[in-house]
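> Sequence and predicted structure below; questions after.
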Amino acid sequence: MMRRRISPCAREHILVRGRRLARLQWWWHPSRLLWPSLAPRDSADVEGGVVWKRKDVSGSCLAMVETLEIPSPADFHVHLRQGPMSELVTPHVALGGIDLAYVMPNLTPPLTSAQQTVDYMAQLRAIAPHTRFLGTMYLSPSITLDEIRRASAAGIRGVKSYPRGVTTNSDGGIEDYEVYFPVFEAMQECGMVLNLHGEIPSDTDKGVCVLNAEPLFLAHLEKIHAHFPQLRIVLEHATTRAAVECVKRCGDTVACTITAHHLQLTVDDWAGKPLHFCKPVAKMPDDRAALREVIREGHPRFFLGSDSAPHPLAAKYPSPASRNDSTDELMLNCGCAAGVYTSPILLPLCATLLESFGALDQLAAFVSEHGRRFYNEPAEPGRVVRLRRATPQDAPVPAAYVHSSSTDKRDGDPSKLQVSPFFAGQHLGWVLA
Ligand code: NCD
Ligand code: ZN
């Protein structure tokens, strides 16, 4: 890490006004414009415990911006669950400033038919009537070509492929992509999108683990794209430089979603920290740099898919106190659920993170224009969501969101339904206006 000196004047400001206020301001360094960073392990200037990053001068006109207007933000990958969890989290899409949610099908049981998906979309609309929901089906052996045509006619936009066993509810997932080529052919004809969870299953004997599972998957993407050049494919939640480069090399029919949390986390941030553990896991600093670069450059085939994946706190921190399992069972099989929850803070979080790496000018492109163009989902004319800079009076991100039927239950009660969001207890740089 490089260490440089910040001018005494700037340091005095920091000490007098405190860290939080400083984060909202711009400071002049003798040679550069600086601002405090949210990314403590990035190459940075460190002084007095505050981490600063250099601002690209070309973006400096945004230094004084106090409000932002984003045309109808969309999240092209979100998990909205079932039952009480769905009641709790579905309204959070709008709370996070998002108008359109592209919803994942990994329910129990998974959504493998058009009718199931149509019914699920109706349930979500009943919970949050002002959010637009787009449905997906779960790729499985039971999906016939007729089912693809029925799904397309019913307005279902995509089919999601989960490799077997790599993530939440993926026991019925894929082992061999070629057996699905007839299905992909039918999807290509109907204009449906193939959404790929881009990992291969871990296999120690073959040298596959969570850190290389995504790069090793990319050969499958390239092969499917070569066979079906007109099939629209989205590589979901890319986490590696290899994935970014691979999608760039593919033609215009291949796009890529990026989550907010992968723009912030690296391996050190999830090892031993359940709230940051998700699949695919966050990777190396250089991989994170590639995700940031492709957004900063405004590449039109990269856009927001939050992969916001809520799990009960009791499943993130399994303990004898929070579950009904016996202590022995828990000690032997303890593992935390994979998923980072960002829905309720999504747009302010994206603004905060993109600003931290000098890409605030790409916010509208990343959270709205690029994804909407790929999915042919134009924003409603005139519809904008406004953000303003946070002030010291703004509340931090809540520690947890609690289902209304659980608010009077004690923490530790295994039936209390609560979910902790990313950035819990921290302040964001932007809030919805
Ligand atoms: C997702 C979930 O919990 O449904 N978990 C995750 O870590 N991302 C499943 C998925 O998208 O892999
Ligand atoms: Zn997901």
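Structure's in. What do you need? Ligands and ions are numbered 1, 2, ... in the order given.

> Show me which residues of the stretch 201-350 of the chain are close to ligand 1?
By the rule Cβ under 6 Å from any ligand atom, the part of the stretch 201-350 of the chain lying against ligand 1 is 278, 279, 307, 309, 338, 339. (Each C-beta comes from the backbone N, C-alpha and C, glycine too.)

> ok, now which ones touch the residue lying closest to residue 169 once chain neighbours are set aside?
Closest residue to residue 169 apart from its sequence neighbours, by Cβ to Cβ, 6 or more residues apart in numbering: residue 106 at 4.1 Å. Residues near residue 106 by Cβ atoms under 8 Å, 6 or more residues apart in numbering: 79, 138, 160, 162, 167, 168, 169, 170.

> How much space separates the first one from ligand 1?
With distances taken as Cβ to the nearest ligand atom, to the nearest Å, residue 79 is found 4 Å from ligand 1.

> Likewise for the second one?
Residue 138 sits 11 Å away from ligand 1, taking Cβ to the nearest ligand atom as the criterion.

> And the third one, by the same measure?
With distances defined as Cβ to the nearest ligand atom, the gap from residue 160 to ligand 1 amounts to 9 Å.

> host element of that residue?
strand 158-161 (DSSP states H and E).

> Residue 361: neighbour count?
Using other Cβ atoms under 10 Å, residue 361 has 17 other residues around it.

> Check the one 5 residues further on too.
By other Cβ under 10 Å, the residues close to residue 366 number 25.

> pretty sure it is touching residue 351, no?
No - Residue 366 lies out of contact with residue 351 (Cβ atoms under 8 Å); the separation is 10.1 Å.

> just checking, which of the contacts of residue 106 belong to strands?
Residues of these located in strands (DSSP state E): 138, 160.

> Please indicate which of the contacts of residue 106 has the highest neighbour count?
residue 162 leads the contacts of residue 106 on contacts (other Cβ under 10 Å) with 27 neighbours.

> list the contacts for that one?
Residues near residue 162 by Cβ under 8 Å, 6+ apart: 106, 138, 139, 169, 170, 172, 173, 174, 197.

> Pairing partners for residue 234 in the sheet, please.
In this structure, residue 234 bridges to residue 195, residue 255 when assessed by DSSP bridges.

> do you know how far it is from residue 346?
18 Å (Cβ to Cβ, to the nearest Å).

> Using the three-state scheme, assign residue 350.
helix (DSSP: H, G, I helix; E, B strand; the rest coil).

> quick one: contacts of whichever helix or strand comes after the strand holding residue 160?
Scanning forward in sequence from strand 158-161 by DSSP H and E, the next helix or strand is helix 181-190. Here helix 181-190 makes contact (Cβ under 8 Å, 6+ apart) with 139, 143, 145, 148-149, 152, 159, 193-194, 224, 227-228, 230-231.

> What mean pLDDT does helix 181-190 get?
The predicted model gives helix 181-190 an average pLDDT of 98.

> Give me the buried positions along it.
By neighbour count on 16 or more other Cβ atoms under 10 Å, the buried set for helix 181-190 is 183, 184, 186, 187, 188.

> Poorly predicted segments of the stretch 1-150 of the chain, please.
Within the stretch 1-150 of the chain, the segments meeting pLDDT under 70 span 1-63.

> try 50 this time
1-60 (pLDDT under 50).

> Show me which residues of it are close to ligand 1?
79, 106.

> the strands in the stretch 1-150 of the chain, which residues?
Secondary structure of the stretch 1-150 of the chain (DSSP state E, counting those that start in this stretch): strands at 27-28, 33-36, 45-47, 50-54, 67-71, 74-78, 100-103, 132-134, 136-138.

> next one: phi and psi at residue 244?
phi -60, psi -50 (degrees, to the nearest 10).

> Please shift the residue numbers so they start at 25 in all later answers.
That works, and once the first residue is 25, the last one we named lands at residue 268.

> Excluding chain neighbours, give the residue nearest to it in space.
Ranked by Cβ to Cβ, 6+ apart and with sequence neighbours excluded, the top spatial neighbour of residue 268 is residue 314, at 4.6 Å.

> Likewise for residue 325?
residue 279 (4.2 Å).

> Now do that neighbour against ligand 1, distance only.
Taken as Cβ to the nearest ligand atom, the span from residue 279 to ligand 1 is 17 Å.

> what residues does stretch 402-418 touch?
With Cβ under 8 Å, 6+ apart, stretch 402-418 has contacts from 44-45, 48, 90-98, 121, 123, 371-372, 375, 392, 396, 451-457.

> now those residues: which count as buried?
The neighbour-count test (16+ other Cβ under 10 Å) applied to the contacts of stretch 402-418 identifies 48, 92, 94-98, 121, 123, 371-372, 375, 392, 396, 451-455 as buried.

> is it true that residue 360 touches residue 337?
No - with contact defined as Cβ under 8 Å, residue 360 does not reach residue 337; the gap is 10.3 Å.

> Specify which residue of those two has the higher count of neighbours.
residue 337 (22 against 14).

> quick one, what contacts the nearest residue to that one once chain neighbours are set aside?
Take residue 337 and drop its neighbours on the chain: the residue closest to it by Cβ to Cβ, 6+ apart is residue 442, 5.0 Å away. Listed by Cβ under 8 Å, 6+ apart, the contact set of residue 442 reads 336, 337, 424, 425, 426, 427, 430.

> and those, which are buried?
336, 337, 425, 426, 427, 430.

> Export those to CSV and append columns for pLDDT.
Listed next are these as CSV, based on pLDDT from 0 to 100:
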residue, pLDDT
336, 94
337, 92
425, 98
426, 97
427, 97
430, 95
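
> Could you list which of these belong to helices?
residue 337 (DSSP state H).

> just how off-centre is stretch 432-441 within its chain?
Relative to its chain's centre, stretch 432-441 lies at 27 Å (Cα atoms, centre = their mean, to the nearest Å).

> CA atoms only for that stretch - export them in CSV, please.
Output of stretch 432-441 as CSV, limited to C-alpha atoms (Å, rounded to 0.1, in the frame of the first residue of the first chain):
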residue,chain,number,x,y,z
ASP,A,432,-42.1,-8.6,19.6
LYS,A,433,-40.0,-11.7,19.7
ARG,A,434,-36.7,-11.9,21.5
ASP,A,435,-33.4,-12.1,19.5
GLY,A,436,-32.4,-15.7,19.6
ASP,A,437,-36.0,-16.9,19.2
PRO,A,438,-35.6,-19.3,16.2
SER,A,439,-38.9,-18.3,14.8
LYS,A,440,-38.1,-14.6,14.6
LEU,A,441,-37.8,-13.7,11.0
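
> Fine, thanks again, bye for now.
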